[in-house]
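>>> need a 3D model of the sequence below.
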Amino acid sequence: MKKIYILALFVLGLACSDSTDVLEENFTRGGLVVWETVPSSFTLNFAEIETTEFSHVVEDPNENIVSYDLRLIYDGIVVDKFITLTTFPTTLTITAANLLQVLNLTPDEVDLSIPFEFLATITTTEGVFDGAPVDFDSATNTNNGGNSATELFDNPAFNQAISFSLNFLIPPPPNIGGTFFEEPFGSAGDYERDDPIAEGELFNNPGQPSVQHTALGPIGENEIGFRTFFSNPDMSAGSPGFDDENIGVTTDASLVGGFFDGGSQAYRLEDTDGVLIILFDRVEINPSVHPQTGVRIQFYPGETAWEPEDFLRIKAEVERGGVTETVVLIDVIGDDDPDGNDIETTYMGQWNIATTELFDGVTAYTLQIEAQTGVNAEFIYFDEMLIYLP
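Presented below is the predicted three-dimensional model:
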């Protein structure tokens, strides 16, 4: 049976115009390609760069497409008609090798923080449809954008394969376990509390991002637990501490490229106006089974104007030979470090890995994060906390 997708564009606050009518008609006449099944991940495996591929079936629900031309955009470079499809349903396949070839890049020249963006131009029996969203200028009563309704991209139910991006991911190293923050409850909303300057442990609120998690079982089979604490509210700030911020396990990846390497959740903090501490469970190691181990975690600071008073400190208590020592994985301020080793100069706007070296004979690790930020834009995501192996 023929499936007809009728997508109406509603421009709120605008009077009816010929341009608006034409845009509405565009969506009744086609210009739409959808995934047969929405891909679970829009990623390519960097460790298998010669063979990795993104391959999924796309469909023409209105059965009137003449050609589907996919444009590639990467770091200011535009490749028109990177892929052209003329029959549907069919499999859209994008290989890493082809991406590097058309962009004339070597693997060493790939910036993992920059996505490969794709935008379709769709020719149908009714006309040509630019996959970019509309950009209607009410002052001139003209459309300065493409022919796709913004609702098409805002609502995942439309399942569109018109505009999307791919990122390279680096798979985690061999490991005993840790956490990708997938087991705790996550939310894109805020964590709330009554007293913004109250010090001590934070506790989970129903329906809000988790700030504590109890391991469901042994490491390797389940994620390890963690707890969150607040201390030293910044009384010099206009609003010391916090009572309603995006703190805890989040599902919102929109500020880090739209995805998380390890799944669909990560831990995020922002605008703490005081010191936030994330304390992970102590993980015991059998050195006769795992003679060499280390601990690491990924972090992503927001790209903004950081302040010298902001800081990020990640450290681990490392137990071996009956002695416990504190090992600092990273200790940086927000800005103005004389050597340039600060968040704004070196780390913001990308995923980074804070790691120890591989140690011999470790019997236990306890990882701890301490951070202070002063505004919403000064956020930090954390993901992939692992006890790793050689």
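>>> and the helices in the protein?
18-29, 96-103, 150-154 (DSSP state H).
>>> show me what the second one is packed against.
Meaning helix 96-103. With contacts taken as 3 or more Cβ pairs under 8 Å, 6 or more residues apart in numbering; DSSP states H and E, helix 96-103 sits against strand 65-74, strand 77-85. In short, each C-beta sits where N, CA and C put it, glycine included.
>>> deepest-packed of those, please.
Ranked by mean neighbour count under mean count of other Cβ atoms under 10 Å, the helices and strands packed on helix 96-103 are led by strand 65-74, which reaches a mean of 19.
>>> if I pick Thr52, what's in contact with it?
Leu44, Asn45, Phe46, Thr95, Ala96 (Cβ atoms under 8 Å, 6 or more residues apart in numbering).
>>> what of Glu182?
Glu223, Gly262, Gly263, Ser264, Gln265.
>>> for Gly145, give me the pLDDT.
Looking at Gly145, its pLDDT reads 67.
>>> relative to Gly186, how far out is the residue nearest to Phe259 when sequence neighbours are not counted?
Nearest in space to Phe259, with sequence neighbours left out and distances taken as Cβ to Cβ, 6 or more residues apart in numbering, is Ala253 at 5.3 Å. Distance, Ala253 to Gly186, using Cβ to Cβ, to the nearest Å: 11 Å.
>>> what's the answer for Ile65, then?
For Ile65, the distance to Gly186 - Cβ to Cβ - is 38 Å.
>>> one more: Gln212?
Per Cβ to Cβ, Gln212 is found 13 Å from Gly186.
>>> in terms of neighbours, single out the busier of those two.
Shown here are Gln212 and Gly186; by other Cβ atoms under 10 Å, Gly186 has more neighbours (22 against 18).
>>> got a list of what the more buried one touches?
Gly186 neighbours (Cβ under 8 Å, 6+ apart): Pro209, Ser210, Gly248, Val249, Thr250, Thr251, Ser264, Gln265.
>>> tally of neighbours for the residue nearest to the third one when sequence neighbours are not counted?
Here the nearest residue to Gly248 in space, its sequence neighbours aside, is Pro209; by Cβ to Cβ, 6+ apart that works out to 3.0 Å. Using other Cβ under 10 Å, Pro209 has 27 other residues around it.
>>> what's the answer for Glu199, then?
So Glu199, with other Cβ under 10 Å, has 13 neighbours.
>>> pLDDT score for the closest residue to it other than its chain neighbours?
Nearest in space to Glu199, with sequence neighbours left out and distances taken as Cβ to Cβ, 6+ apart, is Ser231 at 4.9 Å. Looking at Ser231, its pLDDT stands at 97.
>>> Ser231 reaches Thr272, doesn't it?
No - contact between Ser231 and Thr272 fails when scored by Cβ atoms under 8 Å: they sit 10.1 Å apart.
>>> neighbour count winner among the two?
Thr272 (24 against 13).
>>> with Ser236 as the reference, measure out to the more buried one.
14 Å.
>>> find residues that contact each of the two.
Joint contacts of Thr272 and Ser236 (Cβ under 8 Å, 6+ apart) do not exist.
>>> on that earlier part again, and the residue nearest to Glu199, what does it touch?
With Cβ under 8 Å, 6+ apart, Ser231 has these contacts: Glu199, Gly200, Gly274, Val275, Ile277.
>>> go ahead and build a ChimeraX selection from the buried members of these.
In ChimeraX, a selection of the buried entries from the contacts of Ser231 looks like this (16 or more other Cβ atoms under 10 Å):
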select :274,275,277
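>>> just give me the closest of the contacts of Ser231 to Pro390.
Relative to Pro390, the closest of these is Ile277; by Cβ to Cβ it sits at 30.3 Å.
>>> might one say that the closest one is in contact with Gln372?
No - using Cβ under 8 Å, Ile277 is not in contact with Gln372, being 10.2 Å away.
>>> find the least confident helix or strand in this structure, judged by mean pLDDT.
helix 18-29 (a mean of 46; mean pLDDT, DSSP states H and E).
>>> quick one on the thing from earlier: filter the contacts of Gly186 down to the ones in strands?
Gly248, Val249, Thr250 (DSSP state E).
>>> looking at the residues you listed, spot the one nearest Arg296.
Val249 (19.2 Å).
>>> just send the contacts of Gly186 back as JSON lines, with pLDDT and distance to Arg313 too.
Output for the contacts of Gly186, formatted as JSON lines (pLDDT from 0 to 100; distance: Cβ to Cβ, whole Å):
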{"residue": "Pro209", "pLDDT": "98", "distance to Arg313": "22"}
{"residue": "Ser210", "pLDDT": "98", "distance to Arg313": "22"}
{"residue": "Gly248", "pLDDT": "98", "distance to Arg313": "19"}
{"residue": "Val249", "pLDDT": "98", "distance to Arg313": "21"}
{"residue": "Thr250", "pLDDT": "98", "distance to Arg313": "21"}
{"residue": "Thr251", "pLDDT": "96", "distance to Arg313": "26"}
{"residue": "Ser264", "pLDDT": "93", "distance to Arg313": "28"}
{"residue": "Gln265", "pLDDT": "97", "distance to Arg313": "23"}
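>>> quick revisit: residues contacting the residue nearest to Phe259?
Phe259, Phe260, Ser264, Ala266.
>>> go again with 10 Å.
Residues in contact with Ala253 (Cβ atoms under 10 Å, 6 or more residues apart in numbering) are Ala188, Phe259, Phe260, Ser264, Gln265, Ala266, Arg268, Tyr300, Tyr381, Asp383.
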